[in-house]
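K.L.:
this is the structure alone, sequence omitted:
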Ligand SMILES: [Cu+2]
């Protein structure tokens, strides 16, 4: 019996320890800097009452914006939302993936890790006391016990299976995003971020950290506030295309359970979907040089109408909106508005006064190179 306990103790120490270590890998530490959580300012957005598009920049090119939007005004952070607030453990999660992952960590991994650690510690203490040398002048020479060997093999396997099922499910869900409603290209730079919105006229923002005094003035946490936020609509699936212009950075947003390396020359993809409007803070999470600690990330989630107003204030457009009325390169293009087919003439003979479709004719009849110059010189007249 004594031997049995001894063996169990040793097995527990060696066999189960890796389980605990593995489980720990899944924990994600919250962002480092603890801000003073005194920023209890009026919560979120102001709808409608203000005239749309007050916030400077380019003129609204977009009729739907004028109809639907409240003006965009930068929202104020809420204590404990999207930023560290001195509590232990993970930040509150605001994405479906984050909620699932936090549940996995808090309800499954932590209890299992704790139980294993306490069990192993108890066995060790028992062995130390019960089998100390003075109490056992003649040690047992047992080397083998089939039953206990089966148990110490099977139990860890079962524990790993119980952990693996939700773990793999979560991993699969992270890598099978729903169809994106919005794409934002995120580029890491030494030492700031740029965000471009290819779906919205491809405008680009440069996002730098605010100095301490300015952050305090705006009621935002020190070392986390930025001048230009990444603004996204609430309830939308946002696809992030993450890359870097220089060295490896990492886009990390603890409250979204989102972390993705930004690697020069490579496009990485991740996504998030946040329903609750608010201001969320993150940081670069790859040691990227001298000012690595000073390139924070701010994502502001706003109601869709405000997002449209914000896009317009940046000179962008909403997908599907009417194009700007101003004449542009494509408005009179023979390709966009094909004219009835012109009589096919030898390209060289194309009349200088023939209107628009000359280039179409040229393109379809492909004149020999020697004559193309001739046609062009004629047209120039
Ligand atoms: Cu960085």
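P.N.:
Ah, there it is. Remember, predicted model here, so these are calculated numbers, not experimental data.
K.L.:
switch to C-alpha atoms for all contacts and neighbour counts from now on
P.N.:
OK.
K.L.:
the ion contacts on the stretch 251-381 of the chain?
P.N.:
284, 288, 292 (Cα under 5 Å from the ion).
K.L.:
try 6 Å this time
P.N.:
284, 286, 288, 292 (Cα under 6 Å from the ion).
K.L.:
the last one contacts residue 191, doesn't it?
P.N.:
Spelled out, it's residue 292. Yes: here residue 292 reaches residue 191: they are 6.5 Å apart, a contact under Cα atoms under 8 Å.
K.L.:
of these two, which one has the most company?
P.N.:
Between residue 292 and residue 191, counting by other Cα atoms under 10 Å, residue 191 is the more crowded of the two (21 against 18).
K.L.:
residue contacts, the more buried one?
P.N.:
Neighbouring residues of residue 191 by Cα atoms under 8 Å, 6 or more residues apart in numbering: 208, 291-292, 294-295.
K.L.:
quick one: contacts for residue 228?
P.N.:
Shown in contact with residue 228 (Cα under 8 Å, 6+ apart): 205-208.
K.L.:
pretty sure residue 215 is in a helix, no?
P.N.:
Yes: per DSSP: H, G, I helix; E, B strand; the rest coil, residue 215 lies within a helix segment.
K.L.:
show me where the stretch 201-350 of the chain dips below the pLDDT cut-off.
P.N.:
Applying pLDDT under 70 to the stretch 201-350 of the chain flags residues 321-350.
K.L.:
in it, what residue is nearest the ion?
P.N.:
Distance from the ion to each residue of the stretch 201-350 of the chain (Cα to the ion) is smallest for residue 249, at 3.9 Å.
K.L.:
who wins for neighbours among the residues of the stretch 251-381 of the chain next to the ion?
P.N.:
Compared across these, residue 284 has the highest neighbour count, 27 neighbours, by other Cα under 10 Å.
K.L.:
give me phi/psi at that one?
P.N.:
For residue 284, the backbone dihedrals (degrees, to the nearest 10) come out as phi -60, psi 130.
K.L.:
mind listing what it touches?
P.N.:
Residues near residue 284 by Cα under 8 Å, 6+ apart: 249-252, 292-293, 295-297.
K.L.:
wait, which of the residues you listed is closest to residue 106?
P.N.:
Distance to residue 106, by Cα to Cα, is smallest for residue 252 among the contacts of residue 284, at 20.3 Å.
K.L.:
what distance do you get for residue 204 to residue 228?
P.N.:
Using Cα to Cα, to the nearest Å, we find residue 204 at a distance of 10 Å from residue 228.
K.L.:
quickly list what's touching both of the two.
P.N.:
With Cα under 8 Å, 6+ apart applied, the contact sets of residue 204 and residue 228 do not overlap.
K.L.:
domain assignment for this protein?
P.N.:
Structurally, the chain divides into domains by automatic domain parsing as follows: 2-31+92-174, 63-76+180-313, 347-380.
K.L.:
pull up the gap between the closest residue to residue 289 other than its chain neighbours and residue 73, please.
P.N.:
Spatial nearest neighbour of residue 289, excluding adjacent residues (Cα to Cα, 6 or more residues apart in numbering): residue 190 at 7.4 Å. Between residue 190 and residue 73 the computed distance is 28 Å (Cα to Cα).
K.L.:
and for residue 157?
P.N.:
Noted for residue 157: a distance of 54 Å to residue 73, by Cα to Cα.
K.L.:
neighbour-wise, which of these two wins?
P.N.:
Neighbour comparison, residue 157 and residue 73: the larger count goes to residue 73, with 18 against 14 (by other Cα under 10 Å).
K.L.:
Provide the secondary structure category for the more buried one.
P.N.:
Secondary structure, three-state DSSP: residue 73 is coil.
K.L.:
how close does it get to residue 229?
P.N.:
For residue 73 relative to residue 229 (Cα to Cα), the value is 12 Å.
K.L.:
out of the contacts of residue 191, which is nearest to residue 135?
P.N.:
Set against residue 135, the nearest of the contacts of residue 191 by Cα to Cα is residue 292 (58.3 Å).
K.L.:
OK, contacts around the closest one?
P.N.:
Counting by Cα under 8 Å, 6+ apart, residue 292 makes contact with 190-191, 284, 286.
K.L.:
follow-up on the earlier one: distance of the residue nearest to residue 289 from residue 206?
P.N.:
Distance of residue 190 to residue 206, given as Cα to Cα: 12 Å.
K.L.:
what is the neighbour count of the spatially closest residue to residue 295 that is not a sequence neighbour?
P.N.:
Once flanking residues are discounted, residue 295 sits nearest to residue 192: 5.0 Å by Cα to Cα, 6+ apart. As a burial measure, residue 192 scores 20 neighbours (other Cα under 10 Å).
K.L.:
residue 192 pairs with what?
P.N.:
Beta-bridge pairing of residue 192 under DSSP bridges involves residue 189.
K.L.:
surely it and residue 210 touch.
P.N.:
No: Residue 192 is beyond contact range of residue 210, at 11.0 Å (criterion: Cα under 8 Å).
K.L.:
state whether residue 250 is indeed within a helix.
P.N.:
No: read with three-state DSSP, residue 250 is strand and lies in no helix.
K.L.:
show me what the longest helix belonging to the chain is packed up against.
P.N.:
Criterion DSSP state H: the longest helix present in the chain is helix 146-174. Judged by 3 or more Cα pairs under 8 Å, 6 or more residues apart in numbering; DSSP states H and E, the packing partners of helix 146-174 are helix 2-11, helix 96-103.
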